[in-house]
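1. Okay, predicted coordinates and the sequence, questions at the end:
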Amino acid sequence: MKLAGLIIPPERCTVLITFSLDQYMSAKNTLAASGIGHRSLMKASARELGQRAGTGGSGIKQKYEIRVRPEDEERALAALRSSRGRND
């Protein structure tokens, strides 16, 4: 039933966790170019959010996660490894 997918999100596997915006964007572009659907999660800690309010956000570390469906995990990891080798 497709309605269940709207209420209960499907399980996802994390393929990347980084604090680097450049690495995050590169990984997103690689997955998109490979035709692999993905979801992103971005978050900062409560302490960092408090600092952001007081300092305008300078020096705040944002955590980025990219998640894929379990059936796409191997393809996604292979694509990210391949891309990483080209960028080194």
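-> Perfect, I can see it now. Numbers count the residues shown, from 1 in each chain.
2. Please make it C-alpha for all contacts and neighbour counts, starting now.
-> OK.
3. And the longest helix seen in the chain, what does it pack against?
-> Identified as the longest helix of the chain according to DSSP state H is helix 73-87. Counting contacts by 3 or more Cα pairs under 8 Å, 6 or more residues apart in numbering; DSSP states H and E, helix 73-87 packs against strand 13-18, helix 21-33.
4. between those, which gets nearest to E65?
-> strand 13-18 (4.5 Å; Cα to Cα).
5. Confirm for me that L77 is in contact with V15.
-> Yes - here L77 reaches V15: they are 6.5 Å apart, a contact under Cα atoms under 8 Å.
6. Only C-alpha atoms, please: export the longest helix of the chain in CSV.
-> The C-alpha coordinates for helix 73-87 follow below in CSV (Å, rounded to 0.1, in the frame of the first residue of the first chain):
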residue,chain,number,x,y,z
GLU,A,73,23.3,0.7,-0.7
GLU,A,74,25.9,-1.3,-2.6
ARG,A,75,25.6,0.8,-5.8
ALA,A,76,25.7,4.0,-3.8
LEU,A,77,28.8,3.0,-1.9
ALA,A,78,30.5,1.9,-5.1
ALA,A,79,29.7,5.2,-6.8
LEU,A,80,31.0,7.2,-3.9
ARG,A,81,34.2,5.2,-3.7
SER,A,82,34.7,5.6,-7.5
SER,A,83,34.1,9.4,-7.2
ARG,A,84,36.4,9.7,-4.3
GLY,A,85,39.3,8.0,-6.2
ARG,A,86,38.9,10.6,-9.0
ASN,A,87,38.8,13.5,-6.6
